[in-house]
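>>> Following is a predicted model, sequence given first.
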Amino acid sequence: MFINTLVISLLSLLLTNCSSPGLTVEVHNPLQIQRNELITLERSQLSDKLDCDLPLQVKDGRDDILLPLQFIDLDQDQYWEAILIQVNMDPLESCQLLLENIESVLDTSETKVFGRFVPERKDDFAWENDRIAYRMYGPALEATGEISSGVDVWVKSVDYPIIDKWYAHGKYHKDEGEGADLYKVGPTLGCGGFGLLYNDSLYTSKNFTDYRILTQGPLRIVFELDYAEWGPEDHRLTETKRISLDMGQHLNRVESHLKWNDPGTDRPLLVAGLLAHPQHSDIPVSLNSSDNYMILYEGIKGDNGSLGTAVIQGTDTGDLPIKQYGDQYLMPLVTTPSHGVSYWAGAGWSKSPWVNSEPAWTDIILSHINQISEPLQVIIIN
């Protein structure tokens, strides 16, 4: 009897010492496509099993390797509210991840996103990931008379950061092997800018007045831009625009919070736009659109290939058609419950390793729509 009790005690101790404290999460890909994406776990989902004030690591149960992760503190209160984990999933694959507390912080994530305010170039705000780069214009440029809230595109054929390098030498309008600024935005919406269509006129804001970087990689950048009051005389508003860009993606997530000064009657049509450049190439501009997306594909000047741009709306606009305003194509937007708008917008270059043709660009956009509608499924196991 004593021996049996001793054996049981020893086995219990052994099992306790061999067990892995932490939290197991199952991830399932419901689609028939390969996916390299970020999943989000909220702090409230983890706090019962993990000490969220201590460092964490995430292991992939398939090969026991550490996965890239990022802590998100969007409210800037010094306590992260969510964790991003980069997972690579085969079609219809399921896997388990183990989250554990560790003694010290491990740097396992290569930085794949970057953005900054650029005062040395008249207050640009520029951002990028390992696929594409963008910029928007600030107050110093507006003071020169160049006014635009449109989104500019810098095409890339490399997966490393180029923003600081290009600004440093200032010669980025010709492709020297990494990409270039080949997109002309001017006083338009550019690649996914936001505007108001009212009485057959398109209204846009001026350049941003202030900025805030809420999280700076290594997997996602999130920042905000503020705009002074703008709009038609009877429908003025102020806007704060939040933009997010993930590693491995071509499309920004754009969320504009709008504060109207009017009582809310007969408001303008809210739109997101894509600028076409038919004068830049003999290749005709191609438009492919549906109720919740529009895709442009066009040639670029000289031997610089072609550019695809796109806007995707998460909420179906129903019967509201795409509108053309000069060389701009406008997608009507549906307001969110918080009286703002949210959509995805971005670009891809045919001379990059990721987009080699119009069908390839269309496939990227349609796959993105599928991923929005069928996100990776995340289940807390224990």
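Perfect, I can see it now.

>>> buried set for the host helix or strand of Glu229?
With secondary structure defined by DSSP states H and E, Glu229 is part of strand 220-230. Of the residues in strand 220-230, Arg220, Ile221, Val222, Phe223, Glu224, Leu225, Tyr227, Trp230 count as buried by neighbour count, 16 or more other CB atoms under 10 Å. Where C-beta positions appear, they are placed from N, C-alpha and C, glycine not excepted.

>>> now His277: how far from Ala345?
Here the criterion is CB to CB, to the nearest Å. By it, His277 lies 17 Å from Ala345.

>>> which one of these two has more residues nearby?
Ala345 (28 against 17; other CB atoms under 10 Å).

>>> doesn't Ile312 make contact with the more buried one?
Yes. When contacts are counted by CB atoms under 8 Å, Ala345 is listed as touching Ile312 (7.5 Å).

>>> Overlap in contacts, those two.
Common neighbours of Ala345 and Ile312, counting by CB atoms under 8 Å, 6 or more residues apart in numbering, are Leu251.

>>> Which parts of the stretch 201-350 of the chain are strands?
When secondary structure is read from DSSP state E, counting those that start in this stretch, the stretch 201-350 of the chain shows strands at 201-203, 210-216, 220-230, 237-246, 251-260, 269-275, 286-289, 293-299, 306-313, 323-325, 328-332, 341-349.

>>> so how far is the third one from its chain's centroid?
With CA atoms, centre = their mean, to the nearest Å as the basis, the distance from the averaged C-alpha position of strand 220-230 to the chain average is 14 Å.

>>> The last one too?
The chain centroid and the centroid of strand 341-349 are separated by 8 Å under CA atoms, centre = their mean.

>>> Give the other helices and strands that that strand contacts.
Using 3 or more CB pairs under 8 Å, 6 or more residues apart in numbering; DSSP states H and E as the contact criterion, the elements in contact with strand 341-349 are strand 132-136, strand 152-156, strand 191-198, strand 251-260, strand 269-275, strand 306-313, helix 358-373.

>>> residues near the closest residue to Pro332 other than its chain neighbours, how many?
Here the nearest residue to Pro332 in space, its sequence neighbours aside, is Leu320; by CB to CB, 6 or more residues apart in numbering that works out to 3.9 Å. Other residues near Leu320 come to 14 when the count uses other CB under 10 Å.

>>> So Leu320 sits against Leu330, correct?
No. If you go by CB under 8 Å, Leu320 and Leu330 don't touch, sitting 10.1 Å apart.

>>> list the residues that contact both of those two?
When contacts are counted by CB under 8 Å, 6+ apart, the set common to Leu320 and Leu330 is empty.

>>> coming back round to it: identify whichever of the strands of the stretch 201-350 of the chain lies nearest to Asp73.
Ranking the strands of the stretch 201-350 of the chain by distance to Asp73, with CB to CB as the measure, places strand 210-216 first at 6.8 Å.

>>> Can you tell me what sits against stretch 114-122?
Contact with stretch 114-122 is made by 123-129, 135, 137-138, 140-141, 144, 161, 163-164, 167, 211, 213, 216-217, 221, 223, 245, as judged by CB under 8 Å, 6+ apart.

>>> With stretch 172-190 instead?
Contacts to stretch 172-190, defined as CB under 8 Å, 6+ apart, come from residues 133, 147-158, 162, 166, 191, 195, 202, 204, 271-275, 277, 280, 300-301, 304, 307, 327-328, 330, 347, 349, 351-352.

>>> quick one on the thing from earlier: tell me which two in the buried residues of strand 220-230 are the farthest apart.
With distance counted by CB to CB, no two of the buried residues of strand 220-230 lie farther apart than Arg220 and Trp230, which are 28.5 Å apart.

>>> just checking, next helix/strand downstream of the worst-scoring helix or strand of the chain on mean pLDDT?
For the chain, the helix or strand with the lowest mean confidence is helix 2-18, at a mean of 37 (criterion: mean pLDDT, DSSP states H and E). Counting by DSSP H and E, the next helix or strand C-terminal to helix 2-18 is strand 23-28.

>>> Give the pairing partners of that next one; include direction for each.
Based on DSSP bridges, the strands next to strand 23-28 in the sheet, each with its direction, are strand 94-101 (antiparallel), strand 377-380 (antiparallel).

>>> in the sheet, who's paired with the residue nearest to the spatial centre of the chain?
Computing the C-alpha centroid of the chain and ranking residues by CA atoms, centre = their mean puts Leu245 first, at 2.6 Å. With DSSP bridges applied, the residues forming beta bridges to Leu245 are Ile221.
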